[in-house]
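> Fold the following, please.
(chains A and B)
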Amino acid sequence: MKPSEKQIEKLERALAKAHVLQEPPRFSDDWTISLMREIRQQATDTFPSEISHLVWRAAAVVVLLSALFVGSVLSWNMGQADAKLTAILAEATVDPTLLEGSP
Amino acid sequence: MVASPPADDVIIRRVVAGDVDLFEELITRYQQHVGRIVAGHVPREMVAEVAHEVFVRAYVSLPTYSFRTPFAHWLATIAVRTCYDTWRSVSARKEVPISDLGEKHEEWAERLLAAESEERFESFVTRQETTDLLYRALAQLSAENRMVVTLVHLEGHSAREAADLLGWSVVNVKVRAHRARRQLRTILEGLLREPS
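Numbering: from 1, shown residues only, chains lettered A, B, ... in the order given. Below you'll find the predicted structure:
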């Protein structure tokens, strides 16, 4: 036989009341000691946030300096290459004998 | 003159700055609060383990605490989400078929429904069978539905509050609350149905 709506509601009300009436648990001292042991372990396993912030900032500065260094090396190399090319071209234009041998 | 104990925000700032031992003061202040929330979502034998996990997560997340909401509320959010994660990880193992409910519980349900006066009703509510039945009925639900039923239907939180605690949208909570309640009622119906 299908239970009535009223019966279901009564059972629901009983369960809700039982849920609210539950006594909060009491934790033992051992529980706190074990918890604090894990917290201390966590603290040693991970960097404090201030140190990790410093590490990130230092990393950002290093990346920036590296980029500047690579940029300056590249531009210096380009300058060197330009100078060599200019010298070769200048030599080619200054030395007319290069053209003299041609028929 | 006795110095008043430091406020939560003072302790939190000192813990974040590296004074780890002060976290014990937060545990002392909030273990009842966390214990009450956790006990509402997981069986008694799992409460200590889950509450432990809640405080560990709170410690790890402490640098992200913004001081905009009360610490108790922030901790409640972590506690509810830890319970949800616990159910997600154990839901497959925790499924209890309705046929597992013994004759004792069927008898109890019949007597409860026959109780005419409020006093008699209350005397049934405080019995262990009620809590057993509650957990067995909730164990039939998915982790999501279980959390919503507990927060909205058993504890009386609004959909917005439940959404805030779970980190879900209000619409999602409302839809789930409706479906989950219907599912719970079907489970209870199964229990009350007379054996053929």
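> pLDDT-wise, which helix or strand of chain A ranks last?
helix A:97-100 (a mean of 58; mean pLDDT, DSSP states H and E).
> Just the helices from chain A, written as ranges.
A:5-20, A:29-45, A:49-94, A:97-100 (DSSP state H).
> With mean neighbour count and distance to chain B as new columns, can the ones you listed be given to me in CSV?
No exception for glycine: its C-beta is placed from N, CA and C like everyone else's. Formatted as CSV, these follow (neighbours: other C-beta atoms under 10 Å in any protein chain shown; distance: least, C-beta to the nearest C-beta, whole Å):
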stretch, mean neighbour count, distance to chain B
helix A:5-20, 17, 4
helix A:29-45, 14, 4
helix A:49-94, 10, 4
helix A:97-100, 8, 73
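> Which one of these has the poorest average confidence?
When those are ranked by mean pLDDT, helix A:97-100 comes last with a mean of 58.
> The most centrally placed residue in chain B: which element?
Nearest residue to the geometric centre of chain B (C-alpha atoms, centre = their mean): B:His41, 2.6 Å. Using DSSP states H and E, B:His41 is not contained in any helix or strand.
> Could you count how many residues lie near the closest residue to it other than its chain neighbours?
Closest residue to B:His41 apart from its sequence neighbours, by C-beta to C-beta, 6 or more residues apart in numbering or on different chains: B:Cys83 at 3.7 Å. Neighbour count of B:Cys83, defined by other C-beta atoms under 10 Å in any protein chain shown: 29.
> now for the helix or strand hosting B:Arg13, which elements pack on it?
According to DSSP H and E, B:Arg13 maps onto helix B:8-16. Secondary-structure packing of helix B:8-16 (3 or more C-beta pairs under 8 Å, 6 or more residues apart in numbering or on different chains; DSSP states H and E): helix B:23-39, helix B:71-94.
> Reformat these into TSV and put distance to B:Glu144 and mean pLDDT next to each item.
TSV is the format used below for those (distance: least, C-beta to C-beta, whole Å; pLDDT from 0 to 100):
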stretch	distance to B:Glu144	mean pLDDT
helix B:23-39	18	96
helix B:71-94	8	89
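> so who does residue 38 touch?
Reading this off chain A. With contact set as C-beta atoms under 8 Å, 6 or more residues apart in numbering or on different chains, A:Glu38 has these partners: B:His52, B:Val56.
> wrong one, I was asking about chain B
Here B:Val38 is in contact with A:Pro25, B:Val47, B:Val50, B:Ala51, B:Val54, B:Ala79, B:Thr82, B:Cys83 (criterion: C-beta under 8 Å, 6+ apart).
> how about 6 Å then?
By C-beta atoms under 6 Å, 6 or more residues apart in numbering or on different chains, the contact list for B:Val38 reads B:Val47, B:Val50, B:Ala51, B:Ala79.
> among these, which are within reach of chain A?
By C-beta under 6 Å from any C-beta of the partner chain, the members of the contacts of B:Val38 lying near chain A are B:Val47.
> Pull out the buried residues from the contacts of B:Val38.
Buried members of the contacts of B:Val38, scored by 16 or more other C-beta atoms under 10 Å in any protein chain shown, are B:Val47, B:Val50, B:Ala51, B:Ala79.
> so which of those would you say is closest to chain A?
Nearest to chain A among these, counting by C-beta to the nearest C-beta, is B:Val47 at 4.8 Å.
> Does the closest one touch B:Ala39 like I think?
Yes. Contact criterion C-beta atoms under 6 Å: B:Val47 and B:Ala39 qualify, at 5.1 Å.
> Overlap of the contact sets of those two?
A:Pro25.
> For B:Arg182, what is the enclosing helix or strand?
With DSSP H and E as criterion, B:Arg182 is part of helix B:170-192.
> who does that helix touch, helix- and strand-wise?
For helix B:170-192, the packing partners by 3 or more C-beta pairs under 6 Å, 6 or more residues apart in numbering or on different chains; DSSP states H and E come out as helix A:5-20, helix B:143-148, helix B:159-166.
> pLDDT of the shortest one, averaged?
Confidence for helix B:143-148, expressed as mean pLDDT, is 94.
> list the buried ones in that helix?
Within helix B:143-148, the residues that qualify as buried are B:Ala143, B:Glu144, B:Asn145, B:Arg146, B:Met147, B:Val148, counting by 16+ other C-beta under 10 Å.
> ok, those residues vs chain A, which is closest?
Nearest to chain A among the buried residues of helix B:143-148, with distances taken as C-beta to the nearest C-beta, is B:Arg146, at 12.1 Å.
> which non-adjacent residue is nearest that closest one?
B:Leu138 (5.2 Å).
> can you check B:Met147 too?
B:Tyr84 (5.1 Å).
> Number of residues surrounding the one you found?
Count around B:Tyr84 with other C-beta under 10 Å applied: 22.
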